[in-house]
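In: I'll drop the sequence and a predicted model, then ask my questions.
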Amino acid sequence: MRSTPHAETFPAHTPAVSQVFTAVLSHGPLTRLEAGRRAGLSPAAVTKAVRPLLAAGYLAEGADEEARAAPGRPASLVRVNGERALFLGVKVTGTELIAVLADLCCRIRLARRRPLPDPEPGAALASIAGLVQELLAHAAESDAPVAGLGIAVSGAVDRAKGVVRYSPFLDWYDVPLAELAGMTTGLPVTVDNDVRALTVAEQWFGAGAGLPGFALVTVGTGIGCGLVVHGQVVAGAHGVAGEIGHVVVDPAGPECHCGNRGCVEAIAGESAILARMAEATDRHIADSAQAVALARDGVPGAREVYARAGDAIGRGIATVANLLGPERVIISGEGLAAYDLFADHIRQAFTTAAFGSAARCDVLTRPLPFEEWARGAAAAAIQSFITQPPGNRKG
């Protein structure tokens, strides 16, 4: 590995170069004509954009021997050279760190999990740095430079400034995580909301690929939502776009940690379900697995807890569909372990609350392990690498 991974730069930071590269990354290998169609660029603009990418080794070009556009000479395709650079992604939960080493195509080469014994920012940063050094040691076996580190954290994150404004599950306020992690690791660092980072990965490589608009709703400890509108992940002016978890669906409902009552998260978040399950069954509920088991065993009152959660989630999704009209809503998160208990209630509430043709939105479930969330953090780092000039990157 090169001794100064932070010095690796992407050639020609222009919108056209980024658009062509992203199109090939998400849909390639592509002919130049197809790359231009997907990027909305003329053939001349594509040729100009591809030239520095080929010269620097980020794209490779070759004939497609299997699929010929016409009899005779095989079509020439461009593809991303995944071996050209490596990226790290770290997903931070309240109790655990999940990290991946990925290539430029965001293919996971190595994944690691470590407990987070102390979520205090300084202690957590030390734990993150230790895990990063472990992955860097593996990356050193490759000739490819490590060009960036992505860190995904729940809550309100100002990605442009690299600051975690508020993370309820970590109890962080105004932590300049990108700056601190950059000084500690020596890498360019991108910090983003965990759901938004996962949304980038789904947009490029997952169930949102090729869609101009979709929403990713995550169900688990919290209720999150990533939004893609006109092909762009929406962050909002203050980094809190898509807070479906704090849409009020029952004004007389339970109090939420945000201060309101009846938020989706106050009804369908993990802690809310456990608390209501304890009340409904008059038992101590140790964890979600026990709550799910009680509901599946038909313990009186248990299924009703998940029914109410499903209703809240369905109404929250309908709000997104009514406001933005996405082609698809993807439901993911660790809470999908209980999906059989609330799936019908989500669909019924969504259909009831969605206005007109918004109810035609495709609602898809997609269970994803936390390694995929860490991959999302790596995807956010790749996104920064190909779109931001080096001077604007933290590290």
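Out: Received, thanks.

In: drop to CA atoms for contacts and neighbour counts, all remaining ones
Out: Will do.

In: okay, now residue 130: neighbour count?
Out: Neighbourhood size, residue 130 [other Cα atoms under 10 Å]: 15.

In: what residues does stretch 372-379 touch?
Out: By Cα atoms under 8 Å, 6 or more residues apart in numbering, the residues outside stretch 372-379 that reach it are 87-91, 98-102, 106, 108, 148-152, 191-192, 194-195, 197-201.

In: just the ones of these in helices?
Out: Mapping the contacts of stretch 372-379 onto helices (DSSP state H) picks out 194-195, 197-201.

In: which one of the residues you listed is nearest to residue 243?
Out: Closest approach to residue 243 among the ones in helices among the contacts of stretch 372-379 (Cα to Cα): residue 195, at 10.2 Å.

In: now that closest one, nearest residue through space, not along the chain?
Out: Nearest non-adjacent residue to residue 195, counting by Cα to Cα, 6 or more residues apart in numbering: residue 226, 5.7 Å away.

In: quick one: that neighbour is in a strand?
Out: Yes. Assessed with DSSP: H, G, I helix; E, B strand; the rest coil, residue 226 lies in a strand.

In: show me what it is bridged to.
Out: residue 216 (DSSP bridges).

In: run a quick neighbour tally on the nearest residue to residue 255 once chain neighbours are set aside.
Out: Nearest residue to residue 255, sequence neighbours excluded (Cα to Cα, 6+ apart): residue 261, at 4.3 Å. When neighbours are defined as other Cα under 10 Å, residue 261 has 21 of them.

In: which residues in the stretch 201-350 of the chain form strands?
Out: Secondary structure of the stretch 201-350 of the chain (DSSP state E, counting those that start in this stretch): strands located at 214-219, 223-229, 232-233, 328-332.

In: please identify the most buried of the ones you listed.
Out: Highest mean neighbour count of the strands of the stretch 201-350 of the chain: strand 214-219, a mean of 28 (counted as mean count of other Cα atoms under 10 Å).

In: so which residues make contact with stretch 12-26?
Out: With contacts defined as Cα under 8 Å, 6+ apart, stretch 12-26 is touched by 30, 35-36, 38-39, 41, 45-46, 49-50, 52-53, 59, 78-80, 105, 204-205, 209, 386-389.

In: for stretch 101-112, same thing?
Out: Stretch 101-112 is touched from outside by 25, 80-89, 98-100, 135, 139, 371, 375, 378-379, 382, with contacts defined as Cα under 8 Å, 6+ apart.

In: now do the buried residues in that stretch.
Out: By neighbour count on 16 or more other Cα atoms under 10 Å, the buried set for stretch 101-112 is 101-108, 111-112.

In: so for that stretch, mean pLDDT?
Out: Averaging pLDDT along stretch 101-112 gives 97.

In: for that stretch, measure first residue to last.
Out: 9 Å (Cα to Cα, to the nearest Å).

In: check stretch 161-172 too.
Out: Its first and final residues considered, stretch 161-172 spans 16 Å by Cα to Cα.

In: if we can go back for a sec, just checking, which of the buried residues of stretch 101-112 belong to strands?
Out: 101-103, 108, 111-112 (DSSP state E).

In: strands along the stretch 1-150 of the chain, start to end?
Out: Counting by DSSP E, counting those that start in this stretch, the stretch 1-150 of the chain has these strands, from start to end: 59-63, 76-80, 86-92, 96-103, 108-115, 146-153.
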